[in-house]
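>>> no sequence on this one, just coordinates:
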């Protein structure tokens, strides 16, 4: 934090919890209180994580190259290209300003969707290696016992979650692509709040149309139409049955 903002932690925060409340491969999250008295969550990249990931990527590329050389039949899976795509994604994740921008964009897209919230970004306390957001108070969405004990209708929560996700994918073409239970909380008023916007997805209109038609075909059990959509989208070559 000091290297990012050129200030000591106690100059920026009135209170900062030393023990992380969440930890993942590249970063960990601490709760804090700003000088203005606002409760926030502070995500910080791990020291030297860029070097550690680069070593892993170099190893993966070496293995992928060996696979392509030794097993020509696996070249159709494009292992080297897959690792290169992973490397590009990691570069974005290593700059928390991209995550802040993604959260802000998603928040704007979803501001009129009742029951789905995105934490506010504290831009003055956000940089390449530090991301500060509004603190979320809620119950993890997979803690069914706690949700029911708090009086929440789990069927309604499911409807809200599905509606929000389909809005992101089909309407906006910009969606939270890491929506595991640890990244979704249920607030006291029954609203859903998402966190962790390091992995997002974008879809063009053509792909969104194909996915929408595909989902409709499966829901109506029109499996021939589902197969036709795969060909129309180019996911399966025209030479196939």
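Nice, thanks for sending it over. Please read these numbers as outputs of a predicted model, since none were measured by experiment.
>>> ok, residue 15 - contacts?
32, 33 (C-beta atoms under 8 Å, 6 or more residues apart in numbering). In short, each C-beta sits where N, CA and C put it, glycine included.
>>> Just confirm it is within a strand.
Yes: when the secondary structure is assigned by DSSP: H, G, I helix; E, B strand; the rest coil, residue 15 falls within a strand.
>>> helices or strands up against the helix or strand hosting residue 50?
Taking DSSP states H and E as the criterion, residue 50 maps to helix 49-70. Judged by 3 or more C-beta pairs under 8 Å, 6 or more residues apart in numbering; DSSP states H and E, the packing partners of helix 49-70 are helix 79-93.
>>> now the angle between helix 49-70 and the helix it packs on, please.
Between the axis of helix 79-93 and that of helix 49-70 there is an angle of 170 degrees, by axes from the mean of the first three to the mean of the last three C-alpha atoms, to 10 degrees.
>>> Run through the neighbouring helices and strands of helix 79-93.
By contact count (3+ C-beta pairs under 8 Å, 6+ apart), the secondary structure elements abutting helix 79-93 are helix 49-70.
>>> Can you give the contact residues for the helix or strand bottoming out on mean pLDDT in the chain?
The helix or strand of the chain with the poorest confidence is strand 22-23; it has a mean of 88 (mean pLDDT, DSSP states H and E). Contacting residues not belonging to strand 22-23 are listed as 28, 29, 182 [C-beta under 8 Å, 6+ apart].
>>> Could you look up the SS state of the second one?
When classified by three-state DSSP, residue 29 comes out as strand.
>>> Assess the claim that it and residue 21 are in contact.
Yes: proximity of residue 29 to residue 21 meets the contact threshold set by C-beta atoms under 8 Å, at 5.6 Å.
>>> contacting residues for residue 82?
Residue 82 sits next to residue 64 when contact means C-beta under 8 Å, 6+ apart.
>>> how far away is it from residue 226?
For residue 82, the distance to residue 226 (C-beta to C-beta, to the nearest Å) stands at 26 Å.
>>> ok, the nearest residue to residue 39 once chain neighbours are set aside - contacts?
Taking C-beta to C-beta, 6 or more residues apart in numbering, and ignoring the residues beside it in sequence, residue 39 has residue 135 as its nearest neighbour in space, at 4.0 Å. Residues touching residue 135, when contacts are defined by C-beta under 8 Å, 6+ apart, comprise 31, 39, 40, 41, 119.
>>> can you check residue 8 too?
Contact criterion C-beta under 8 Å, 6+ apart gives residue 2 as the residues in contact with residue 8.
>>> if I look at it, how far off is residue 2?
6 Å.
>>> Likewise for residue 49?
In this structure, residue 49 lies at 17 Å from residue 2, with C-beta to C-beta as the measure.
>>> which one of these two has more residues nearby?
residue 49 (16 against 10; other C-beta atoms under 10 Å).
>>> hmm, back to that, tell me how far the helix holding residue 50 lies from the chain's centre.
Here helix 49-70 shows a centroid-to-chain-centroid distance of 24 Å under the convention C-alpha atoms, centre = their mean, to the nearest Å.
>>> Would you mark the buried spots in that helix?
49, 53, 57, 60, 61, 64, 68 (16 or more other C-beta atoms under 10 Å).
>>> could you dump those residues to TSV with distance to residue 211 and pLDDT?
TSV is the format used below for the buried residues of helix 49-70 (distance: C-beta to C-beta, whole Å; pLDDT from 0 to 100):
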residue	distance to residue 211	pLDDT
49	34	92
53	31	92
57	30	95
60	29	97
61	31	96
64	28	96
68	30	94
